[in-house]
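In: prediction below, plus the sequence it came from.
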Amino acid sequence: MLWAIFVILMVLWLLGFAFHVAGGFIHILVVLALIPLIINLVAGRSRA
């Protein structure tokens, strides 16, 4: 689930970055995409 959110947000960020849409909002998408990635990495390591 978290990986799906990460992929969707990264795709939206890449599309927005490529077409120069929404200015600062694009960088917010990057931060929002990194949060699930970090959570997943931390949770994955704690389960091992």
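Out: Okay, I see it.

In: helices of this protein, start to end?
Out: All helices of the chain, identified by DSSP state H, fall at 2-19, 25-47.

In: could I get those helices as TSV with mean pLDDT and mean neighbour count?
Out: To be clear about C-beta, it is placed using only N, CA and C from the backbone, and glycine gets the same treatment. Output for the helices of the chain, formatted as TSV (pLDDT from 0 to 100; neighbours: other Cβ atoms under 10 Å):
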stretch	mean pLDDT	mean neighbour count
helix 2-19	77	14
helix 25-47	77	13
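
In: ok, the residue most central in space within the chain - contacts?
Out: Nearest to the geometric centre of the chain sits Ala33, at 1.3 Å (Cα atoms, centre = their mean). Residues in contact with Ala33, defined by Cβ atoms under 8 Å, 6 or more residues apart in numbering, are 5-6, 9-10, 13.

In: can you redo those residues as TSV with distance to Phe25?
Out: Formatted as TSV, these follow (distance: Cβ to Cβ, whole Å):
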residue	distance to Phe25
Ile5	17
Phe6	18
Leu9	12
Met10	14
Trp13	9
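
In: relative to Val42, which of those residues is nearest.
Out: Minimum distance to Val42 across the contacts of Ala33 is 13.8 Å, recorded for Phe6 (Cβ to Cβ).

In: residue contacts, that closest one?
Out: So Phe6 contacts 33-34, 36-37, 40 (Cβ under 8 Å, 6+ apart).

In: could you do Pro36 as well?
Out: 2-3, 5-6, 9.

In: same check on Leu29?
Out: Counting by Cβ under 8 Å, 6+ apart, Leu29 makes contact with 9, 12-13, 16.

In: which ones are touching the closest residue to it other than its chain neighbours?
Out: Excluding its sequence neighbours, the residue lying closest to Leu29 (Cβ to Cβ, 6 or more residues apart in numbering) is Trp13, at 4.2 Å. Shown in contact with Trp13 (Cβ under 8 Å, 6+ apart): 26, 29-30, 33.
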